[in-house]
Every structure is written in C-alpha cells, then in structure tokens.
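A.B. asks: here you go, sequence then predicted model.
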Amino acid sequence: MTRVSISCLSVCIALATGSAHAALDRTGDFAMLDNEGSFHQLSRYQHRKAVVLMSYSQSCPNMDSMLSSYTALKSQYAEQGVEFLLIDSQDSARDALNALDLELPILQDNGQLVSEMLGLKNVGDVRVLNPDRLSVYYTGAVGGELDQTLASIIDAPIRNTVNTDNSNPCAIDYPAKAFYSENVPSYSDDIAPMIVENCVTCHREFGVGPFAIDSYLSLLGWSPMIKEVLLNKRMPPSQIDPDIGHSSSARYIEIANIQKLVQWLNAGAPRGDGPDPLAEYEHVESKEWLLGEPDFIVEAPAQKIPATGVLDYIYADIELPFDEDKWVVGMQYQPVATSALHHLMAFVTPVESDFWGEEKNASTSTRRFLDGYSPGENRAAKFPEGTAVLIPKGSKISMQFHYVGIGAELVDQTKIGFYFADPDQVDALEERLVQAVSAQVTIPPFDYHLPAHASYQFDEAVVISGVRAKMNARGKQMKFSVEHPDGHMQDILSVPAYNYGWQPHYELDEPVTIPAGSTVHVTGAFDNSVSNPFNPDPSSEVKSGFESWDEIFTGYFTFHKAK
C-alpha cells in the first residue's frame, strides 16, 4: 500500500471515529520572535503549505524523545513546503532559549498568549496550521497521525481537522490566565487608562489610526481587531526587538499590560462600574513650542492631501535666507494636518541638490539630517549636549512627506522651529551627522528571503546616538551592528518586522561610543513573495532605485565625534 493510500485511510478512520471535526478549525494570526531575534508570523508563511509548531520545555522528561521524532519529520517534509518550529510555552528569556542550542528555531511566546490561543495544554502538543486560511490541520502529539496528516497535506487538500490526544504528562501552567480568571481587570481602572496612554493619540476622530477608540462601546466593537493586532505584533507600531538596544520612540507596551488587556478581552470585555475614561478623553492639538519661542521659523510649501487613495511620497524644498552658518541645537515640527501626516524627514542640502543628495550615487555618504516626524504626541528634538546640526550658509532644507488619506480632503503646511547655538558656544560643538550605508539589490520574483548587507568603517571614534531603517514595500528586516577593531560584534538595534508604513528615526536611549577603526554593519532581507502583505506584485523583479516602486536598502547612523 502506498503512503498516499495510508494517509487517506488514516484521515478516513479519524473521521469515522470522531477524532476529526467536520471542517477545519479556525485560528487567529499571530507573530513571535525566535531565540535569535528573527520574526515569524503565521500569515507570512503563505509561500509554505503548512506551519508545524510543537511546544517545548527542557524540564519535561520526555522532551528529548519527542524532539527526536519531531526533527525526523522535519527532515522528511521540510523540502516539501512544510515549516517546522518550536514554541516556548514557559515564557523563558532569550538567553535561556539560546543556551538550549537547539537545531530548530524556538519562538518566544512572551506572556504565553499564543500558546493559550492555540490551546496548548501539554509539553509536546503539536499544531499543524494552514497559513493561507488561518486554519488548523492537526492538533495532538508528535506521534499518532501527525506523519499521515503531513503526507495528506502534501498530496491533497485536507478538509477536516485531525484531533488526537497528547498523553505526555507535562502540563503547561498559565499563571496569568489563572490569576485574571479570578481577578478580571477593571475597565475603568486598568484597561481604559492603558488605551488612553498608548493608543488614542492616533486612534481618535480624524486621527491617523484607521478607527477611533473613544468609548467603551467602540473598544468593545473593535476588540477582535485589537486582539489580533496585538498577537500578530502589528501594534504597537515600530516593531523593534526589545532584547537589542532600547529606544523610547519604539512605543513599547510592557508584556504584563498586553497580558492584562488580552485576558480582559478573553473574559468578554466586561464594562463593570466606574467612569469611562475613553469617553472623557479630549485630544487637544498642541501648537505650543515646547522649547520656548524658536530663534527662527520656516514654513514648508502647502500640501493638498486627497481624502482617499494610495499616496506616494511628496518632496519639497525650503529656501533659507542665512548669510552665515547656523548651528541647530534643537528643533520642532508643527504640522497642520497631523491626522494625515504619517511621517516626514528633513535634510540640510546644498542648493543644487535634491532630497537624496549624495545617496543617489554612493554606497556610503555623510549627510546633515535634522530630524524625523511620526504620529504621536507633539515633541521637540533637543540634541545631546555639546552637539548640533550645522546649516552652512547658502543651504536649503529638503523634506520628504508621507501622508495617508483619512476620508476628508486636507491641506498641510508644516512649520519648523529652529533653536540655534549661541555664537560663543559654536567652537565647543561637535557636528551631528548621519552616515548613510547602502547596498544595491536585485530581487527575483517570488523570493521570500533575499539577504542584503552594507557596511562602513569609521576612521575616528564616534558616538552613535540613533539609527533609521529605509526600505520600500519588499523590506522585511534590518539590524544595525558594530564590529569593533578587536573583532567582537555589538548589536545596536534590530527591526525584525520592518513595516513600509512606519519609518521612524530611533533615538537610542543609551548612545553607543565606538573606537576608531570600527565598522558599522547593516544586515537585512527582502520578501518579494505572496507572503508579504505590502507586496504589490510578487511576480516582478525589483531593482534598486529611489522611486516607491523600486527598492532601497539603506541604514542611517546618527553620530558625532567622541570627545
């Protein structure tokens, strides 16, 4: 009897004995980082036929045996379009997972939220998932009918979820779930204040978020979407690896707070007693100059923003009247259409240059970057003590705007307030610069993971105070590292889930000083497959260029000379 007939017989027996449902069970999308900081999202495996997950715990006596069987299945099916991963359901730290030295990636399930969603009860529980339809092919143990189910997936579509028992006695404890089942969070005291602090700046009427969260009822109505974007890490935006560096601009939400919110949603999102802080919240668009009245204010050309549609980048120049050099120690943007402005960037450029400057023709270039803007609370940039951005006389400001339609036609006219150094301070200042480090790429059609790398060596000691990743729609991930002269590597910041829609400048909470002779590295990858939700056409070959339909691979390091 062939393997195909055995597989079909197995599934038929499962149907007859009631160990399979009459249709594929549904599951939600989710995302996790693995032990090396790589990003894995179920829906971004659509180029694979199935994703297999097994719950792992080193403390379980049967783990080695189960892992051996699981690895054998990987050897058999990985080349046939099946992805094999482990999931840490014990909420272990990254260092502990790396110490295991496993052959397979092990996903960090921070807060155990994904394990709970998947219904993992025992160590060794396996789920075989359909990444295209977000459904479940198989639940159960490594043995049983897993092999036959995988063979059936390869040979023909499976229409029924196969359910088997996992008799392994190592149960998975869910302490947060147990706690919140007895102590359901309060909407008024716990949940609504969290939403006010983290969400409503963008998710408000005429805000840049796609929907408003302005009352308990609106939160309840959007609760399935909110849970989904938390579990698949679309929110909070600016997804960086929390285990590599730290930047307050990354909009972290502590995992304990995410647990609290998800457990409240799982409990049915009870309203309870007390006021509604969301209904009481009033967003006041601040036009205050946070560092006091600027020394000089410029106004960008007015930009008309259509109500809907895919909006490409807009470029604009601002001529400056200075007949002497100016040293900028602080600045602030004041957009008018904050609800539609998704981000902007500004460089100091020579009159004859455009926004891209020397980047158009060089793999590395040193530029004068002012600051970036991204949605959120009104903020001002005060540069580190003893540093400033130089505006040479005769220069201009070159800006890049990215707007999103919010259902109403708007006009934006952004102001920039500059704060200059006192003339007697100029000689003591170090110039704040940006090193652009780029690589040319050609991305074949349907390529799920095309690596890219660029580097630059600093001849003098510098202090790196920020980084920014720049790719377009096929961008997948980017990491910033330093190779010291003695050869050891230091990771500065990682963006494992690059999102074309979010391109903030990450100001490091702790700047990194590197000695002369150090080499900065930018490593990353592109995804030109059907699994990339931002990809306009996976069948196209894409090359480097500066239009939105091209690709770009550039990492920016903000730096100044070390004292």
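C.D. replies: Thanks, I have it. Note that the structure is a prediction, hence the values are computed from the model and not measured.
A.B. asks: tell me which element the spatially most central residue of the chain is part of?
C.D. replies: Nearest to the mean C-alpha position of the chain, by CA atoms, centre = their mean, lies residue 239 at 2.5 Å. In the assignment (DSSP states H and E), residue 239 maps to no helix and no strand.
A.B. asks: ok, and the closest non-adjacent residue to it?
C.D. replies: Of all residues not flanking residue 239 in the chain, residue 497 sits nearest, at 4.0 Å (CB to CB, 6 or more residues apart in numbering). Using the backbone N, CA and C atoms, a C-beta is placed for each residue, glycine as well.
A.B. asks: how about the strands of the stretch 151-300 of the chain, start to end?
C.D. replies: 162-163, 296-299 (DSSP state E, counting those that start in this stretch).
A.B. asks: residue 232 is nearest to which of these?
C.D. replies: In terms of CB to CB, the element of the strands of the stretch 151-300 of the chain nearest to residue 232 is strand 162-163, at 24.7 Å.
A.B. asks: would you mind measuring from the residue nearest to residue 263 when sequence neighbours are not counted to residue 261?
C.D. replies: The shortest distance from residue 263 to any non-neighbouring residue, by CB to CB, 6+ apart, is to residue 180 (3.8 Å). Distance of residue 180 to residue 261, computed by CB to CB, to the nearest Å: 10 Å.
A.B. asks: which of those two has more neighbours?
C.D. replies: Legend: neighbour count by other CB atoms under 10 Å for residue 180 and residue 261, higher for residue 261 (23 against 18).
A.B. asks: in contact with the residue nearest to residue 263, which residues?
C.D. replies: Under the criterion of CB atoms under 8 Å, 6 or more residues apart in numbering, the neighbours of residue 180 are 259, 260, 263, 264, 267.
A.B. asks: what is the burial count for the third one?
C.D. replies: This points to residue 263. For residue 263, using other CB under 10 Å, the count is 21.
A.B. asks: repeat that for the first one.
C.D. replies: Taking other CB under 10 Å as the criterion, the count of residues near residue 259 is 23.
A.B. asks: for it, give me its contacts.
C.D. replies: Contacts of residue 259 by CB under 8 Å, 6+ apart are 111, 113, 176, 180.
A.B. asks: go again using 7 Å as the cut-off
C.D. replies: 111, 113, 176 (CB atoms under 7 Å, 6 or more residues apart in numbering).
A.B. asks: distance of it from residue 39?
C.D. replies: For residue 259, the distance to residue 39 (CB to CB) stands at 20 Å.
A.B. asks: do the fourth one as well
C.D. replies: In this structure, residue 264 and residue 39 are 26 Å apart, going by CB to CB.
A.B. asks: with the third one instead?
C.D. replies: For residue 263, the distance to residue 39 (CB to CB) stands at 24 Å.
A.B. asks: for residue 351, which non-adjacent residue is closest in space?
C.D. replies: residue 396 (5.7 Å).
A.B. asks: residues near the one you found, how many?
C.D. replies: By the criterion of other CB under 10 Å, residue 396 has 18 neighbours.
A.B. asks: shouldn't it be in contact with residue 318?
C.D. replies: Yes: using CB atoms under 7 Å, residue 396 is in contact with residue 318, at 6.2 Å.
A.B. asks: what segments of the stretch 101-250 of the chain are helices?
C.D. replies: In the stretch 101-250 of the chain, the helices defined using DSSP state H, counting those that start in this stretch lie at 113-118, 146-155, 175-182, 192-198, 216-221, 223-231.
A.B. asks: what sits up against the last one?
C.D. replies: Which is helix 223-231. 28, 29, 30, 113, 114, 117, 235, 258, 262, 265, 269.
A.B. asks: what's near enough to touch the residue nearest to residue 239?
C.D. replies: 39, 233, 239.
A.B. asks: which single one of those residues is nearest to residue 455?
C.D. replies: Residue 455 has its nearest neighbour among the contacts of residue 497 in residue 39, at 22.6 Å by CB to CB.
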